[in-house]
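Peer 1: next one to model:
(2 chains)
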Amino acid sequence: MGLQTGAGSSIAISVAAPATQDVAGYAALSYTEAANCEKIGTIGATFAKTEFQPLKGPKQKLKGSADYGSLQPSFGLDEGDAGQTLFRTAADDETNALYSVRVTYQSGAKRYFQGRVFGWPETIDGADPVTMAMPTVEICSKIVRAPAA
Amino acid sequence: MSKTHYATRSFTDAGTLRAFENAKPVEADAGTLANYKAAGLVTTDQPQAVSGNEDQDASHAE
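Peer 2: Numbers count the residues shown, from 1 in each chain, chains lettered A, B, ... in the order given. Here you go, the predicted structure:
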């Protein structure tokens, strides 16, 4: 598999939690895809950098705590779409319940994780642009990667 | 046997390309129904308009 673009990629959400934090656990869930997704965002963990400068020798750099990151997908608002409605439900959820998310790449490869949706801001940006919704999905678990079949 | 779920409003599913009409039964796997239910799109409460002829007559009388 060579290069790929974002065309054909999708994001979907499930109210259920995986039995196991692996491909089998996530793949067993039923997901509801959100329609009219324009962008998905950046997927991947980063680590805090911990540095130590001894009196003798070079600076040492260690991996600190992990941040699994966040996504800022953008959707053309469609109030009749089940996936968008479930994302909005997750945003309105005032508990710390985790939702399972699946991102499917053009190649068919998948990324799975659990997260919380922090808000569902809707943007009306003039007469011509489509009304958009741009939630923030904070990733709260390790990202599980499933290669293209 | 699982309960019949009914749409609380008309909606579509982009993943399956299915469309559902308000108050009509929604057939899907249990996980998908759980998603729809969490989103408030389906209920197991039978809508009055489709619960029988008497209810239909009553709705016409309103």
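Peer 1: immediately after the helix or strand where residue A:87 lies, which helix or strand?
Peer 2: Here residue A:87, judged by DSSP states H and E, is contained in helix A:82-92. Downstream of helix A:82-92, the first helix or strand assigned by DSSP H and E is strand A:99-104.
Peer 1: packing partners of the helix holding residue A:87?
Peer 2: Counting contacts by 3 or more C-beta pairs under 8 Å, 6 or more residues apart in numbering or on different chains; DSSP states H and E, helix A:82-92 packs against strand A:10-14, strand A:32-33, strand A:110-117, strand A:132-133, strand B:11-13, helix B:30-38. For glycine as for every other residue, the C-beta is placed from the backbone atoms N, C-alpha and C.
Peer 1: 6 Å - rerun?
Peer 2: If you count contacts as 3 or more C-beta pairs under 6 Å, 6 or more residues apart in numbering or on different chains; DSSP states H and E, helix A:82-92 packs onto strand A:32-33, strand A:110-117.
Peer 1: how about these in TSV, adding mean pLDDT?
Peer 2: Below are these laid out as TSV (pLDDT from 0 to 100):
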stretch	mean pLDDT
strand A:32-33	98
strand A:110-117	98
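Peer 1: could you find the closest non-adjacent residue to residue A:27?
Peer 2: The shortest distance from residue A:27 to any non-neighbouring residue, by C-beta to C-beta, 6 or more residues apart in numbering or on different chains, is to residue A:146 (6.8 Å).
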